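Chemist: here is my input; please provide its structure:
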Amino acid sequence: QVQLVESGGGLVQAGGSLRLSCAASTRTLSTYARGWFRQAPGKEREFVAAINWNGARTDYADSVKGRFTISKDNAKNAVYLQMNNLKPEDTAVYYCAAKYGLYTNRDSYDYWGQGTQVTVSS
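Modeler: Okay, the predicted model is just below:
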């Protein structure tokens, strides 16, 4: 049973930073593409960032480009999302995901975490 566990969420003021982590329960996911998605209250889940299996390629939603950075550490079987210059509209539950094959900005990932809350106050 593959498990993804997010951590690092919390409450931060606008302009601040947070770093989300996602740990995987199996080394198998070191060969998987990984993604971050988020869901704000009353809204659909949306793509945030993705990275391919070896970390060589990344993709970002336009709303976070230049502020968020996704990275991957296969030795630790983990993926990270560094979030800088946070805005109130970044408030959401953030989910990490894993997908065999190429990454995508669609939510067609194979495995999902339970989510971590990020709240940005104005």
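
Chemist: and the residue nearest the centre of the chain, what does it touch?
Modeler: Per CA atoms, centre = their mean, the C-alpha nearest to the average position across the chain is that of Trp36, at 2.6 Å. Residues in contact with Trp36, defined by CB atoms under 8 Å, 6 or more residues apart in numbering, are Leu20, Cys22, Val48, Ala49, Ala50, Ile70, Val79, Leu81, Tyr94, Tyr95, Cys96, Ala97. All C-beta spots, glycine's among them, are computed from the backbone N, C-alpha and C.

Chemist: repeat that for Ala97.
Modeler: Leu4, Arg34, Gly35, Trp36, Phe37, Asp107, Tyr109, Asp110, Tyr111, Trp112, Gly113.

Chemist: that one in helix, strand or coil?
Modeler: Three-state assignment for Ala97 (DSSP: H, G, I helix; E, B strand; the rest coil): strand.

Chemist: so where is the chain shaky, pLDDT-wise?
Modeler: Filtered on pLDDT under 70, the chain yields no residues whatsoever.

Chemist: ranges for the helices of it?
Modeler: With DSSP state H, there are no helices along the chain.

Chemist: in strands only, show me the contacts of Trp36.
Modeler: Members of those lying in strands (criterion: DSSP state E): Leu20, Cys22, Val48, Ala49, Ala50, Ile70, Val79, Leu81, Tyr94, Tyr95, Cys96, Ala97.

Chemist: okay, and the beta partners of the residue nearest to the centre of the chain?
Modeler: In this entry, Trp36 is beta-bridged to Ala49, Cys96, by DSSP bridges.

Chemist: same deal with Ser21?
Modeler: Going by DSSP bridges, Ser21 forms beta bridges with Ser7, Tyr80.
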